[in-house]
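> Next comes the sequence, and after it the predicted model I'd like to discuss.
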Amino acid sequence: MTPAWREKRDPPKWKAGFGGLEVSKSQRLRRLEGESARPKRLLAETMLANAMLKAISAEHGDARSRA
């Protein structure tokens, strides 16, 4: 266990990562970051798929004009 005088002088590394937030607030922040990661990933995947479809359609031209 770290002596109290040293902890005041050198805060633990986890506190530095969260800017000195209280434990409950840092846990809430971590939970919210985890919740926002999934929609961000889904958006990125959708944007990638959209870009790939645009590239393929530009490469092959408009198939409806040939029919």
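Yep, it's here. Residues are numbered from 1 along each chain as shown.

> pLDDT score for residue 27?
We have a pLDDT of 83 for residue 27.

> which ones are touching it?
Contacts of residue 27 were listed using Cβ atoms under 8 Å, 6 or more residues apart in numbering, and none were found. (Each C-beta comes from the backbone N, C-alpha and C, glycine too.)

> Quickly find the element holding it.
Here residue 27 is covered by helix 23-60, with elements defined by DSSP states H and E.

> Give me the buried positions along that helix.
Buried positions in helix 23-60, judged by neighbour count with 16 or more other Cβ atoms under 10 Å: residue 26.

> what residue ranges in this protein are flagged as low confidence?
Across the chain, the ranges flagged by pLDDT under 70 are 1-21, 62-67.

> one more time with 80, if that's ok
Under the criterion pLDDT under 80, the flagged ranges of the chain are 1-23, 26, 61-67.

> how much space between residue 48 and residue 55?
Distance, residue 48 to residue 55, by Cβ to Cβ, to the nearest Å: 11 Å.

> before we move on, what about residue 46?
Distance from residue 46 to residue 55, counting by Cβ to Cβ: 15 Å.

> before we move on, what about residue 29?
38 Å.

> now residue 34
32 Å.

> Please apply the same query to residue 61.
Remark: distance between residue 61 and residue 55 (Cβ to Cβ) = 12 Å.

> Also residue 26?
Going from residue 26 to residue 55 by Cβ to Cβ gives 42 Å.

> Ok, residue 33 next?
32 Å.

> Kindly report the same for residue 35.
32 Å.

> Same check on residue 42?
Counting by Cβ to Cβ, the gap from residue 42 to residue 55 is 21 Å.

> Likewise for residue 45?
Residue 45 is 16 Å from residue 55, by Cβ to Cβ.

> before we move on, what about residue 37?
27 Å.

> Over to residue 24?
Using Cβ to Cβ, we find residue 24 at a distance of 47 Å from residue 55.

> again with residue 22
Counting by Cβ to Cβ, the gap from residue 22 to residue 55 is 48 Å.

> now do residue 36
29 Å.
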